[in-house]
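Asks: The following block contains a protein sequence and its predicted model.
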Amino acid sequence: MHIHANGAIEDRSAYFASLRNKLEFLRFERETLEVRGHGDLAVATGILKQTLRDKDSNSMFELRLATTQVWWRSAKRWRQMSFHATHIR
């Protein structure tokens with residue numbers, strides 16, 4: 001599940017379709033990142049800065065977000081289960 005800062009909610013297939021068809025990530029940078037592990041689960045929180053291009057309008061925009069990600073280790077591989085972002089002004 002991917003919850004965007006604008007409130008849009010997408011599952012895995014919808015999220016990757018958005019990347020293919022709607023948005024291009026030009027730059028991303030972590031200002032802060034804290035990861036807390038709990039066995040085969042990890043919760044990552046921090047501040048993320050992104051520069052994106054809207055493919056429809058060809059306009060670029062910047063986001064500064066507080067994010068929470070939940071990761072799960074399965075068969076020696078980490079998989080993101082959930083992502084949630086909130087705008088920071």
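Replies: Cool, got the structure.

Asks: does Phe16 count as helix, strand or coil?
Replies: helix (DSSP: H, G, I helix; E, B strand; the rest coil).

Asks: Give me the distance between it and His2.
Replies: 10 Å (Cβ to Cβ, to the nearest Å). In short, each C-beta sits where N, CA and C put it, glycine included.

Asks: Which one's more surrounded, those two?
Replies: Between Phe16 and His2, counted using other Cβ atoms under 10 Å, the more crowded position is His2 (18 against 12).

Asks: Would you check that the more buried one makes contact with Glu10?
Replies: Yes - under the criterion of Cβ atoms under 8 Å, His2 is in contact with Glu10, at a separation of 4.8 Å.

Asks: average model confidence for the one helix or strand Glu24 maps to?
Replies: Here Glu24 sits within strand 23-38, counting by DSSP states H and E. The average pLDDT for strand 23-38 rounds to 95.

Asks: So in that sheet, which strands flank the helix or strand following it, and in what orientation?
Replies: Under the assignment DSSP H and E, the closest C-terminal helix or strand after strand 23-38 is strand 41-54. Strand 41-54 sits in its sheet next to strand 23-38 (antiparallel), strand 60-74 (antiparallel), going by DSSP bridges.

Asks: Mean neighbour count, those: which tops it?
Replies: Mean neighbours per residue, mean count of other Cβ atoms under 10 Å, is largest over the strands paired with strand 41-54 for strand 60-74, with a mean of 15.

Asks: Compute the distance from the centre of that one to the centre of its chain.
Replies: The chain centroid and the centroid of strand 60-74 are separated by 3 Å under Cα atoms, centre = their mean, to the nearest Å.

Asks: got the contact list for that strand?
Replies: 5, 26, 31, 40-54, 78-89 (Cβ atoms under 8 Å, 6 or more residues apart in numbering).

Asks: Could you export it as PDB, keeping only the C-alpha atoms?
Replies: The C-alpha coordinates for strand 60-74 follow below in PDB (Å, rounded to 0.1, in the frame of the first residue of the first chain):
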ATOM      1  CA  MET A  60       8.500  19.900 -12.400                       C
ATOM      2  CA  PHE A  61       7.700  20.200  -8.700                       C
ATOM      3  CA  GLU A  62       9.400  19.600  -5.400                       C
ATOM      4  CA  LEU A  63       8.100  17.900  -2.300                       C
ATOM      5  CA  ARG A  64       9.300  17.800   1.200                       C
ATOM      6  CA  LEU A  65       7.700  14.900   3.100                       C
ATOM      7  CA  ALA A  66       7.600  13.100   6.400                       C
ATOM      8  CA  THR A  67       7.500   9.400   5.600                       C
ATOM      9  CA  THR A  68       6.800   6.200   7.300                       C
ATOM     10  CA  GLN A  69       7.700   2.900   5.700                       C
ATOM     11  CA  VAL A  70       7.000  -0.700   7.000                       C
ATOM     12  CA  TRP A  71       9.400  -3.300   5.700                       C
ATOM     13  CA  TRP A  72       9.100  -7.100   6.000                       C
ATOM     14  CA  ARG A  73      11.900  -9.700   5.500                       C
ATOM     15  CA  SER A  74      10.700 -12.700   3.600                       C
END
